[in-house]
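Chemist: Fold the stuff below for me.
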Amino acid sequence: MPTWPVCIRWTDDATHLVYMSCGFERIIGAFNREETMRRILAWFGVTTTGVAGSQAAPPRFALAQNRPNPMRPSTSITYRLDVAGPVSLRIYDVAGRVVRTLVDRHQQPAQYSVIWDGKDDAAHRVASGVYFYRLEAGAQRAMRRLVVVR
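Modeler: Predicted structure coming up:
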């Protein structure tokens, strides 16, 4: 089975046919499966509403689980914004202290990915243990847990 989805598209004046054979069981996490399907459909010119040629629905606010988790020596954090505005993404220790500010700026609705190198704001490596990352965008907030292994 190929690593990438196999897709066939056929169109005449009255009919649109799309055949996709995708190994979605290999894509870990609902967030990643949804994003993969969105990109495939966009490639075919189909929007998330299923009506070709119409505007795609705006992205939904989401904070994905970091990858890899546990992390060593770095990890990637992906998130989506549905409205423009001030955004902050911070790493916290178990005592609730800010360890590192990864994002603190105005951003447009889109998907973003940030790499955390396992260092605090003073550029010191953090100790092994459990940490939390919190995304704040306007009134929307989400938090997830990550593990650092040294």
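
Chemist: Quick check: the residue nearest to residue 111 when sequence neighbours are not counted vs residue 120, distance?
Modeler: Nearest-residue entry for residue 111: residue 80, 4.7 Å, with adjacent residues in sequence omitted and distances by Cβ to Cβ, 6 or more residues apart in numbering. In short, each C-beta sits where N, CA and C put it, glycine included. Computed as Cβ to Cβ, to the nearest Å, the residue 80 to residue 120 distance reads 26 Å.

Chemist: who has more neighbours, these two?
Modeler: Set residue 80 next to residue 120 and count neighbours by other Cβ atoms under 10 Å: residue 80 wins out with 19 against 16.

Chemist: what number of residues lie near residue 89?
Modeler: Around residue 89 there are 23 residues (other Cβ under 10 Å).

Chemist: ah, wrong one, I meant residue 95
Modeler: Neighbours of residue 95 (other Cβ under 10 Å): 6.

Chemist: With residue 125 instead?
Modeler: Residue 125 - counted by other Cβ under 10 Å - has 12 other residues nearby.

Chemist: Please point out which parts of stretch 97-112 sit buried.
Modeler: By neighbour count on 16 or more other Cβ atoms under 10 Å, the buried set for stretch 97-112 is 99-100, 102-103, 107.

Chemist: Outline the domain layout of this structure.
Modeler: What automatic domain parsing lists as the domains of the chain is 1-57, 62-148.

Chemist: mind checking the end-to-end distance for the last one?
Modeler: With Cα to Cα, to the nearest Å applied, domain 62-148 spans 22 Å between its terminal residues.
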